[in-house]
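**Q** Sequence and predicted structure, then a few things I'm wondering about:
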Amino acid sequence: MNMNEQDEINFRDILDSIVQSKMLILVTIVTFAICSLVFSLSLTNKFTSSSTLMVVNESGTTSRSSSSLDMISSIAGINLSGQGLSKSEFVITTITSRDFLRHLLTFEDIKPTLAAFKSYDKFSKKIIFNESIYDSEAKLFTNDLLKLPTFQKIYNRYIRIVSVSKSKSGFITISVNHESPEFAYTFLSLIINELNTISRKKDLIESQDSLRYLNSELAKTKQIEIKNSINQLILSELRKQMFAEVRTNYLINPLDQPFLPELKSSPNRAKICIYGTILGFFIGILIALGVVFGFVFCSSFLGVKVRY
């Protein structure tokens, strides 16, 4: 064999080196599979309770009215045109508002769960709180202001667990995702009930203010046309009050009631393990190729030719 033949490496040798790296690839795959399994098992189970809602009378009551009726209604704060913030937009905006969260925090166990949640005991079905923040037995928060989470942090946690969306057909879906299935169900039910309660109280207060103004104007005016217009507005406000007092689901009507979730919604441990194994395979291939290219580079550096 002459010097040139000794200084040449056949491409088959490179392929053989890749085949010989199969153990390295296999070890990489197994390592990533085990790491993915351990990681997935370290994740906490989360449960999602959701409800599909229909906004009651979304289109509103629009009717043709005289100029005098429009003028009086605008002064009294009565919207006859149906313009402005729709009820669906009101629901979505209210749920994500900080004022609504402040209202929810006044209910028992809501603030402790959002501010001091530590873990969930699936056997006792109880929430375990961070005792340095909240004493669950005394039901008192710590006096150490440095340990207490700020309202912004509580709001961020609230936004992470509560989601709201509107479909093209106009239906609204509200979901609560939490480690405790009982809390997810209870919190979602509370949100729906309070949306109806707040909307009812808001409309009743506005209607009472409008009625006071309309009755005072009715006593002042002597024009028959304006009197008739005011009477129409009074009748409209009385009808609104009647509906507010009679309807249980005043603003939103659940088509799919909140439910207590029995199966976890996340994490999907099977997917995590599969993706981790696939990632390990590709990284193993890259490592093997790195070894081969390193081999070729060193051969070229030593002046050995690679023959294909």
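**A** On my side now, so go ahead.
**Q** How about residues contacting the helix or strand harbouring residue 173?
**A** Using DSSP states H and E, residue 173 falls within strand 172-178. The contact list for strand 172-178, computed with C-beta atoms under 8 Å, 6 or more residues apart in numbering, reads 46-55, 88, 91-92, 95, 160-167, 183-185, 187-188, 191-192, 252, 265-266. The C-beta positions use only the backbone N, C-alpha and C, and glycine is treated the same way.
**Q** and what of stretch 113-130?
**A** For stretch 113-130, the external contacting residues (C-beta under 8 Å, 6+ apart) are 44-45, 105, 109, 112, 133-134, 136, 141, 148-149, 154, 157-158, 179-180, 182-183, 187.
**Q** so of those residues, which ones are in strands?
**A** Per DSSP state E, strands hold the following members of the contacts of stretch 113-130: 134, 141.
**Q** thinking again about what came up before, which of the residues in the strand holding residue 173 are classified as buried?
**A** Under the neighbour-count criterion of 16 or more other C-beta atoms under 10 Å, strand 172-178 has 172, 174, 175, 176, 177, 178 buried.
**Q** Parallel or antiparallel, which strands does it pair with?
**A** The strands beside strand 172-178 in its sheet (DSSP bridges) come out as strand 47-55 (antiparallel), strand 162-166 (antiparallel).
**Q** follow-up on the earlier one: now which of the contacts of stretch 113-130 would you call buried?
**A** By 16+ other C-beta under 10 Å, these give 105, 112, 133-134, 141, 148-149, 154, 157-158, 179-180, 182-183, 187 as buried.
**Q** quick one: which of those residues is nearest to residue 203?
**A** residue 105 (23.8 Å; C-beta to C-beta).
**Q** Quick check: closest non-adjacent residue to that closest one.
**A** Counting by C-beta to C-beta, 6 or more residues apart in numbering, residue 111 is the residue found nearest to residue 105 once chain neighbours are left out, at 4.4 Å.
**Q** Helices of the protein, residue ranges please.
**A** Here the chain has its helices, by DSSP state H, at 3-6, 11-20, 22-42, 67-76, 87-95, 98-104, 110-116, 151-161, 181-220, 224-246, 269-301.
**Q** Select, out of those helices, the one closest to residue 259.
**A** Among the helices of the chain, the nearest to residue 259 by C-beta to C-beta is helix 181-220 (6.7 Å).
**Q** before we move on, back to that, only the buried subset of the contacts of strand 172-178, as a PyMOL command please.
**A** The buried subset of these, as determined by 16+ other C-beta under 10 Å, is captured in PyMOL by this line:
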select buried, resi 46+47+48+49+50+51+53+54+55+88+91+92+95+161+162+164+183+184+185+187+188+191+192+252+265
